[in-house]
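Visitor: Structure here, sequence nowhere to be found:
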């Protein structure tokens, strides 16, 4: 075993090994799950022993074994890997998680090469406890999740951020007023009026920074995507795209097609692509990220080539249904 330690994950003990490192993550509700990955670490939630945190997240986080100290919650706050990758101009490809609730879906998706998972609460039965479990493991795996709440309001935004979700996928954003409310709910003063929860998964139970430093750091990590799902919302497209605190723009294709009166018609694809082009242009104009839902390889290549950096390919339920349908057709003849 190597003699170095790092604490780059939230609320866990990380022991670095020379060649391979392992993750142990305890789920209080369903028992203990052990996940293994090369280059990982051993994680004990709420461990009473921790490594001294690196004073700056951009420096080497490794510390000497001699510097271990017993101190509950002595952890440095983590950065949002999705935001960091997008700021480096790196394409991020994820998928919608609409069906599965087992936290093991996250290491599965990561092993499959995806960059993030987008979990839906608007059109599913996912509850806060399930999202909290996913958010905790997401941080331990360094595999980000985004969550679409049932409604983009202060109540849902506050609760999701406080349980450790960095990335918000906000539905039904109708106008600039609504967008400003989202920004206010998702950022601490002076950028907004986010409620203060104190030590929580959202702060990685950090005890090393002052409250002001934690709030400023959190403001830099939150990533907000807004969905344009009605014709009226496009009246404020430019104003919303220009807004500080709005990080990415996208459409909700099904609801938008319904509102435009083209759902299920031959014109649907053309009309939606026209709206996607408007969103992409606004994002480029104001230096924001464009997000796109892609249902096929061809569509993913289309929007990748156009400059969209945040792509959601299909969903867990669609991939499972398509794969099983194809397999059964061959097996049964």
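Guide: Perfect, I can see it now. Keep in mind that what you see is a predicted model, and the values were worked out from it rather than measured. Numbering: from 1, shown residues only.

Visitor: Could you give the number of residues near the closest residue to residue 137 other than its chain neighbours?
Guide: Spatial nearest neighbour of residue 137, chain neighbours left out: residue 103 (4.7 Å); criterion: CB to CB, 6 or more residues apart in numbering. The way it works is simple: take the backbone N, C-alpha and C, and place the C-beta from them, glycine included. Counted by other CB atoms under 10 Å, the residues lying close to residue 103 total 23.

Visitor: pretty sure residue 103 is touching residue 135, no?
Guide: No - taking contacts as CB atoms under 8 Å, residue 103 lies outside contact range of residue 135: 9.7 Å.

Visitor: about what we covered before: could you pull up phi and psi at the residue nearest to residue 137?
Guide: Dihedral angles of residue 103 (phi, psi; degrees, to the nearest 10) stand at phi -60, psi -20.

Visitor: And the pLDDT at it?
Guide: In the prediction, the pLDDT value recorded for residue 103 is 97.

Visitor: Against residue 289, how distant is it?
Guide: 27 Å (CB to CB, to the nearest Å).

Visitor: repeat for residue 201
Guide: Taken as CB to CB, the span from residue 201 to residue 289 is 25 Å.

Visitor: what are the ranges of the strands in this protein?
Guide: All strands of the chain, identified by DSSP state E, fall at 4-5, 22-27, 31-36, 49-50, 63-64, 69-70, 92-97, 116-120, 145-148, 167-170, 223-228, 248-251, 289-294, 310-315.

Visitor: per-stretch mean pLDDT over those, give me the minimum one.
Guide: strand 69-70 (a mean of 28).

Visitor: Mean pLDDT per helix and strand in this protein: which one sits at the bottom?
Guide: Lowest on mean pLDDT, DSSP states H and E among the helices and strands of the chain sits strand 69-70, with a mean of 28.

Visitor: beta partners of residue 167?
Guide: Residues in a beta bridge with residue 167, per DSSP bridges, are residue 146, residue 223.

Visitor: what about it, how many neighbours?
Guide: Around residue 167 there are 29 residues (other CB under 10 Å).

Visitor: tell me which residues in stretch 147-160 are buried?
Guide: Of all the residues in stretch 147-160, those buried under the rule 16 or more other CB atoms under 10 Å are 147, 148, 149, 152, 154, 156, 157, 158, 159, 160.

Visitor: Skipping its backbone neighbours, what lies nearest the second one in space?
Guide: Closest residue in space to residue 148, ignoring its immediate chain neighbours: residue 169 at 4.1 Å, by CB to CB, 6+ apart.

Visitor: how about residue 218, what does it touch?
Guide: Shown in contact with residue 218 (CB atoms under 8 Å, 6 or more residues apart in numbering): 77, 161, 188, 202, 203.

Visitor: List just the nearest of the residues you listed to residue 324.
Guide: Distance to residue 324, by CB to CB, is smallest for residue 161 among these, at 36.3 Å.

Visitor: Report the contact partners of the closest residue to that closest one other than its chain neighbours.
Guide: Among residues not flanking residue 161 along the chain, residue 202 sits closest, at 5.6 Å (CB to CB, 6+ apart). Neighbouring residues of residue 202 by CB under 8 Å, 6+ apart: 161, 162, 163, 164, 165, 218.

Visitor: 6 Å instead, please
Guide: Residues in contact with residue 202 (CB atoms under 6 Å, 6 or more residues apart in numbering) are 161, 162, 164.

Visitor: May I ask which of these has the most neighbours?
Guide: residue 161 (26 neighbours).

Visitor: Can you give me the distance of it to residue 175?
Guide: When distance is defined by CB to CB, residue 161 is 23 Å away from residue 175.

Visitor: Where do the helices of the stretch 101-250 of the chain begin and end?
Guide: 105-111, 128-141, 154-162, 176-186, 211-221, 237-241 (DSSP state H, counting those that start in this stretch).

Visitor: Provide the backbone phi and psi angles at residue 204.
Guide: Main-chain torsions, residue 204, degrees, to the nearest 10: phi 60, psi 30.
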